[in-house]
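Visitor: Here is a sequence together with a model predicted from it:
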Amino acid sequence: MADIGRTDLKANGTYRATLAAVILLSVLLGLAVIALAAGFVRQYRLYQADQNGPVSLQLAPGAHIVSAGIEAGRLVLHVQTPEGGAMEIIDPASGKLISRTGGK
């Protein structure tokens, strides 16, 4: 008598659709967590790659540094060469010459 009016919930189409949605969303959530962890690892490796060691500077023969300073995060050098004075702006992170004015 207790089974009258009671249907098997697992045979119901709504139950199966809900179960499929829960499984799909759980898989997507797991993939999102994995992607997030991979993104953190990638950013950390890029950050570590940017942490270069000291940068060396090659001057022309007979040239010497008159003064040096930092302006807007850039290394600004006043270099005196036999041809005249020059200003060099260098990116300290990469060691690349950004700009050079005056002199040869």
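Guide: Yes, it's here.
Visitor: Spatially nearest residue to Ala68 (excluding sequence neighbours)?
Guide: In this structure, Ala68 finds its nearest non-sequential neighbour in Leu77, 5.2 Å apart by Cβ to Cβ, 6 or more residues apart in numbering. Every residue, glycine included, has its C-beta placed from N, CA and C.
Visitor: and that neighbour, what is it in contact with?
Guide: Leu57, Ile65, Ser67, Ala68, Met87, Glu88, Ile89, Ile90 (Cβ atoms under 8 Å, 6 or more residues apart in numbering).
Visitor: any idea which element it lies in?
Guide: Using DSSP states H and E, the element containing Leu77 is strand 74-81.
Visitor: can you pull out the strands in this protein?
Guide: Applying DSSP state E to the chain gives strands spanning 64-71, 74-81, 84-90, 97-101.
Visitor: so how many other residues sit close to the residue nearest to Gly62 when sequence neighbours are not counted?
Guide: Closest residue to Gly62 in three dimensions, ignoring its sequence neighbours and counting by Cβ to Cβ, 6+ apart: Pro82, at 4.6 Å. Residues near Pro82, counting by other Cβ atoms under 10 Å, number 10.
Visitor: Next, find the distance separating Pro82 from Thr18.
Guide: Pro82 sits 83 Å away from Thr18, going by Cβ to Cβ, to the nearest Å.
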